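In: Got a sequence here, can you build the structure:
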Amino acid sequence: MIEQGALDHGDVTTLADRLGVGARHLSRLFAEHLDASPLQVALSRRVQRAKRLIDATDLPIALVAERAGFSSARRMSAAFARLYGRSPSALRNRRF
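Out: Residues are numbered from 1 along each chain as shown. Got it, this is the predicted structure:
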């Protein structure tokens, strides 16, 4: 469900309700089995999608952010800065 964007447009409580468990229990399961929260997993998936789009297409950065599930290009840039230490456009420029 996370891969399909359940946390791109919803929250952990809504996801947990859809799964028939409590939000705290779902978070505990994620921590136990993945060493990450549901939101961390969702962010990781968004970054991976964005990175693939940056590497494989010439789409504008704003469109990459939208298609990857980010609420804005600014949020995507912040995630890339934390993870890669550079902006999405800097990663794109590196491939040329």
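
In: Could I get the full set of helices for this structure?
Out: Applying DSSP state H to the chain gives helices spanning 12-19, 23-34, 38-56, 61-68, 73-84, 88-94.

In: With only the CA atoms kept, save the fifth one in PDB.
Out: In this case it means helix 73-84. Taking C-alpha atoms only, helix 73-84 is exported to PDB below (Å, rounded to 0.1, in the frame of the first residue of the first chain):
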ATOM      1  CA  ALA A  73       9.700  20.200  -5.400                       C
ATOM      2  CA  ARG A  74      10.900  22.000  -2.300                       C
ATOM      3  CA  ARG A  75      10.200  19.000  -0.100                       C
ATOM      4  CA  MET A  76      11.900  16.700  -2.600                       C
ATOM      5  CA  SER A  77      15.000  19.000  -2.700                       C
ATOM      6  CA  ALA A  78      15.100  18.900   1.100                       C
ATOM      7  CA  ALA A  79      15.000  15.100   1.100                       C
ATOM      8  CA  PHE A  80      17.700  14.900  -1.500                       C
ATOM      9  CA  ALA A  81      19.900  17.400   0.400                       C
ATOM     10  CA  ARG A  82      19.600  15.300   3.600                       C
ATOM     11  CA  LEU A  83      20.300  12.000   1.800                       C
ATOM     12  CA  TYR A  84      22.700  12.900  -1.000                       C
END
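
In: coming back round to it: of the helices of the chain, which approaches residue 3 most closely?
Out: helix 38-56 (6.1 Å; CB to CB). From N, CA and C alone the C-beta is placed, and that goes for glycine too.

In: okay, how far is it across stretch 61-74, tip to tip?
Out: 10 Å (CA to CA, to the nearest Å).

In: Which positions in it come out as buried?
Out: Neighbour counts over stretch 61-74 (16 or more other CB atoms under 10 Å) mark 61, 64-66, 68-70, 73 as buried.

In: can you count the residues close to residue 79?
Out: For residue 79, the neighbour count with other CB atoms under 10 Å is 19.

In: per-residue confidence for the closest residue to it other than its chain neighbours?
Out: Counting by CB to CB, 6 or more residues apart in numbering, residue 47 is the residue found nearest to residue 79 once chain neighbours are left out, at 5.5 Å. At residue 47, the pLDDT value in this model is 94.

In: does residue 47 really touch residue 78, like I thought?
Out: No. With contact defined as CB atoms under 8 Å, residue 47 does not reach residue 78; the gap is 10.8 Å.
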